[in-house]
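# Requesting a structural model of the entry that follows:
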Amino acid sequence: GEFQLRRGFEIPPRARILMAEDIVTTGLSSRECIACIGALGGAVVAASCLIDRSDGKVDVGVPLFALVGLEVPAYEADKLPPELAALPAIKPGSRGLI
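Next comes the predicted model:
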């Protein structure tokens, strides 16, 4: 349940790192990865992604550079617009995949 590096990755002490990922929505995965890198002795100087679904609003703790920014609204379960409430819920993302 804790974010960690796999496949024998190592981070040299005090390494300056650009953390990159595919899609940022809430920034949770980015913040977890940045914390993991810091705990292993690295220093994340910036983050990057292909798509930022917050269109620059999310704070990952370091500057975030995106190839594309989109504003994708998120709604509380009890505040969905009627047209969305009529659709079945599908959990996006890779959390929980093995």
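
# can you give me the strands for the chain?
With DSSP state E applied, the chain shows strands at 16-24, 43-52, 64-69, listed in chain order.

# Touching the helix or strand of the chain with the lowest mean pLDDT from outside, list them.
Averaged element by element with mean pLDDT, DSSP states H and E, the chain has its least confident helix or strand at helix 82-85 (a mean of 91). Applying CB atoms under 8 Å, 6 or more residues apart in numbering, the contact partners of helix 82-85 are residue 75. C-beta: built from backbone N, CA, C; applies to glycine.

# buried ones in it?
Buried residues in helix 82-85, counted by 16 or more other CB atoms under 10 Å: none are found.

# mind checking how far that helix is from the chain centre?
The offset between the C-alpha centroid of helix 82-85 and the centroid of the whole chain comes to 26 Å, using CA atoms, centre = their mean, to the nearest Å.
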